[in-house]
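> pasting a predicted model and its sequence here:
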Amino acid sequence: MLPSLVHADTWTQRGIDVTLVDPQRHLYYSGMVPEYLGGVYDEADVRIDLAAQARANGASFVQEAAAAIDPDARVVETQAGDALPFDVLAINVGSANPAVPADAIPTKPIAHIRPLASRIEQTLAEATARLRLVVVGGGAAGTEVALNVTGRFAGADRLEDLELTIVEQADRLLPGFPAGLRTDATNRLRRRGATVSTGTTVTNVEGTDDAPAAVYTDTASPLAADAVLWATGTVGPPLLHDSPLPTNDRGFVRTTRSLQVRAHPRLFAAGDCASIEDLDLARVGVHAVKQGPTLRANLHHTLQALGAGAGVPSPTDLQTFRPYPLTPLILSTGTADGLWTAGSMWAAHPWLLRLKHGVDRRWMRPYAPDRWGTTSWREQFGAEAAIETGA
Ligand SMILES: Cc1cc2nc3c(=O)[nH]c(=O)nc-3n(C[C@H](O)[C@H](O)[C@H](O)COP(=O)(O)OP(=O)(O)OC[C@H]3O[C@@H](n4cnc5c(N)ncnc54)[C@H](O)[C@@H]3O)c2cc1C
């Protein structure tokens with residue numbers, strides 16, 4: 001989690017070695033990824049160079065996946081077999097999609113979605129090409145991607161070359177969201193020719209390299225697909241459920257409100273991978289980002305206490321994470337409108353999309369200054385690139 005890295009140089013100046021471990025050189029910012037697929041952003045707009053961030057903050061970057069955590073020996077073992085000893089560990093490995101078939105493109109970690117972007121670009125680059133896309137999972141991620149992809153084909157006047165099916169096992173898209181928002185998103189997709197297949201569960205995906213995949217469901221004959229996006233929600237990543245750390249029934253690591261892993265006070269966890277005490281938070285970036293400053297402050301306090309020989313601080317000496325009372329979200333729609341929701345409230349309006357763009361770009365500023373560093377609020381709100389309005 002990047003906020004914990006910012007100002008890591010204040011730690012390294014005190015002789016603390018800070019190491020960032022991630023198999024991906026670039027972190028793709030999920031808030032912008034649906035609009036990257038929708039053609040609003042370029043790839044370079046939506047990604048953060050982790051190696052450069054580490055360097056700028058005096059940290060080392062190890063481009064490997066952590067494969068095992070030994071909390072007693074205080075060692076992280078990487079997939080390549082390297083052992084990284086630690087005094088304090090922050091675990092921010094996000095979440096995984098459950099049971100991803102080999103022939104599907106997962107939404108987690110988000111960088112894995114890139115092949116879908118290439119597929120869309122190849123199709124649009126060839127006047128006679130067509131794309132059959134099946135999106136499995138009609139939650140916020142699957143629906144927002146489907147809205148943006150249909151919006152992009154509509155904007156390019158190529159809707160007839162897109163056959164998009166979104167499959168959701170609940171009786172409507174966006175389970176858990178306000179009824180009006182669910183209907184609004186469904187209608188937008190149907191108006192652009194997408195098939196919305198609710199009350200349907202995908203049972204298998206089979207494919208070969210040179211033929212379309214077959215997507216099997218429990219209600220209809222198999223769907224042929226050139227690309228299958230697997231957006232079926234989140235579970236804890238294998239690193240956690242194969243570890244000796246305490247996890248809940250979905251494989252997320254249990255922490256206190258101070259983000260310390262239960263029974264392992266030198267280990268912290270935050271973001272999607274953490275199950276925080278009594279909180280049942282949606283796995284969304286707004287909660288992850290809000291945990292960043294608490295994580296950073298508590299890492300700082302722990303490093304100081306250990307450095308002074310005072311031992312690990314007790315949770316009462318650390319900051320307590322306080323979540324937003326509601327989960328605010330703005331979904332882009334592939335049109336000029338944004339769809340805002342918090343709790344049972346929702347609204348659709350172009351200003352909401354502008355607000356989303358302002359917030360997203362502002363968030364990216366410190367991490368991708370070459371792309372967003374000089375963008376003022378005025379530019380963000382006032383001089384937006386025109387977004388083609390879909391049907
Ligand atoms: C399509 C889509 C759109 C979304 N849009 C929004 C939105 O608009 N607003 C919102 O609030 N939320 C949104 N979300 C949810 C959001 O992506 C997550 O809640 C957020 O990214 C969680 O942040 P994180 O730091 O916990 O994990 P992540 O951002 O997933 O980062 C985890 C990092 O850990 C790395 N990692 C994984 N395993 C290992 C390992 N074994 N060793 C080392 N590194 C590892 C990964 O490579 C990745 O860089 C969206 C999700 C999707 C899929």
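All right, it came through fine.
> any low-confidence regions in the chain?
For the chain, applying pLDDT under 70 flags the ranges 1-8, 208-210, 374-391.
> show the contacting residues for the residue of the stretch 1-150 of the chain found nearest the ligand.
The ligand sits closest to Gly94 of the stretch 1-150 of the chain, with a gap of 2.5 Å, by C-beta to the nearest ligand atom. From N, CA and C alone the C-beta is placed, and that goes for glycine too. With contact set as C-beta atoms under 8 Å, 6 or more residues apart in numbering, Gly94 has these partners: Lys108, Pro109, Pro237, Gly271, Asp272, Cys273.
> and the strands in the stretch 101-250 of the chain?
105-106, 131-136, 162-168, 195-198, 202-208, 211-217, 223-225, 227-230 (DSSP state E, counting those that start in this stretch).
> could I get those strands as a markdown table with mean neighbour count and distance to the ligand?
Below are those laid out as a markdown table (neighbours: other C-beta atoms under 10 Å; distance: least, C-beta to the nearest ligand atom, whole Å):
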| stretch | mean neighbour count | distance to the ligand |
| --- | --- | --- |
| strand 105-106 | 19 | 9 |
| strand 131-136 | 24 | 10 |
| strand 162-168 | 24 | 13 |
| strand 195-198 | 18 | 18 |
| strand 202-208 | 15 | 17 |
| strand 211-217 | 18 | 19 |
| strand 223-225 | 20 | 18 |
| strand 227-230 | 26 | 9 |
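> could you measure from the residue of the stretch 1-150 of the chain closest to the ligand over to Val284?
12 Å (C-beta to C-beta, to the nearest Å).
> same thing with Gly338?
16 Å.
> do the same with Val196
23 Å.
> quick check, Val312 in a helix?
No - according to DSSP: H, G, I helix; E, B strand; the rest coil, the state of Val312 is coil, so it is not within a helix.
> any chance of the backbone angles for it?
phi -80, psi 130 (degrees, to the nearest 10).
> isn't it right up against Ala305?
Yes - using C-beta atoms under 8 Å, Val312 is in contact with Ala305, at 6.8 Å.
> comparing Gly338 and Val284, which residue is more hemmed in?
Gly338 (21 against 18; other C-beta atoms under 10 Å).
> state the distance from that one to Asn148.
Counting by C-beta to C-beta, the gap from Gly338 to Asn148 is 12 Å.
> which neighbours do those two have in common?
Ser332.
> helix, strand, or coil at Val289?
Following three-state DSSP, Val289 is assigned to helix.
> report how many residues lie close to it.
Neighbour tally, Val289, other C-beta under 10 Å: 16.
> likewise for Leu84?
Leu84: 18 neighbours (other C-beta under 10 Å).
> I'd assumed it was in a strand, is it?
Yes - using three-state DSSP, the assignment for Leu84 is a strand.
> quick one on the thing from earlier: also near the ligand: which of the contacts of Gly94, exactly?
Pro109, Pro237, Gly271, Asp272, Cys273 (C-beta under 6 Å from any ligand atom).
> got the contact list for stretch 276-293?
The contact list for stretch 276-293, computed with C-beta under 8 Å, 6+ apart, reads 1-4, 30-31, 95, 140, 234, 254-257, 259, 270-272, 274, 321, 323-324, 327-329, 363.
> nearest spatial neighbour of Trp11, skipping sequence neighbours?
Spatial nearest neighbour of Trp11, excluding adjacent residues (C-beta to C-beta, 6 or more residues apart in numbering): Val18 at 5.6 Å.
> tell me the contacts of Ser95?
Lys108, Thr234, Val235, Gly236, Pro237, Phe252, Asp272, Cys273, Arg283.
> excluding chain neighbours, what is closest to the closest residue to the ligand within the stretch 201-350 of the chain?
Minimum separation of the stretch 201-350 of the chain from the ligand (C-beta to the nearest ligand atom) falls at Gly271, amounting to 2.1 Å. In space, and not counting its chain neighbours, Gly271 is closest to Ala288: 3.7 Å by C-beta to C-beta, 6+ apart.
> likewise Pro328?
Ala342 (4.4 Å).
> list the contacts for the one you found?
Leu326, Thr327, Pro328, Leu329.
> let's see it at 10 Å
Contact analysis of Ala342 by C-beta atoms under 10 Å, 6 or more residues apart in numbering lists Pro178, Val286, Tyr324, Pro325, Leu326, Thr327, Pro328, Leu329, Ile330.
> what does Arg25 give?
Going by C-beta under 10 Å, 6+ apart, Arg25 touches Arg47, Ile48, Asp49, Leu50, Ala51, Ala52, Phe61, Gln63, Ala111.
> and if you look at Arg158?
Thr123, Leu124, Ala127, Ala129, Arg130, Leu131, Arg152.
> what about Ser314, neighbour count?
So Ser314, with other C-beta under 10 Å, has 11 neighbours.
> kindly report the same for Gly193.
15.
> for it, grab phi and psi.
phi 90, psi 10.
> can you tell me the closest non-neighbouring residue to it?
Using C-beta to C-beta, 6+ apart, the nearest residue to Gly193 is Leu159, at 5.6 Å.
> likewise for Val46?
Met32 (4.1 Å).
> who in the stretch 1-150 of the chain is up against the ligand?
Neighbours of the ligand within the stretch 1-150 of the chain, by C-beta under 6 Å from any ligand atom: 1, 21-24, 27, 30-31, 33-34, 65-66, 92-94, 107, 109-110, 141, 144-145.
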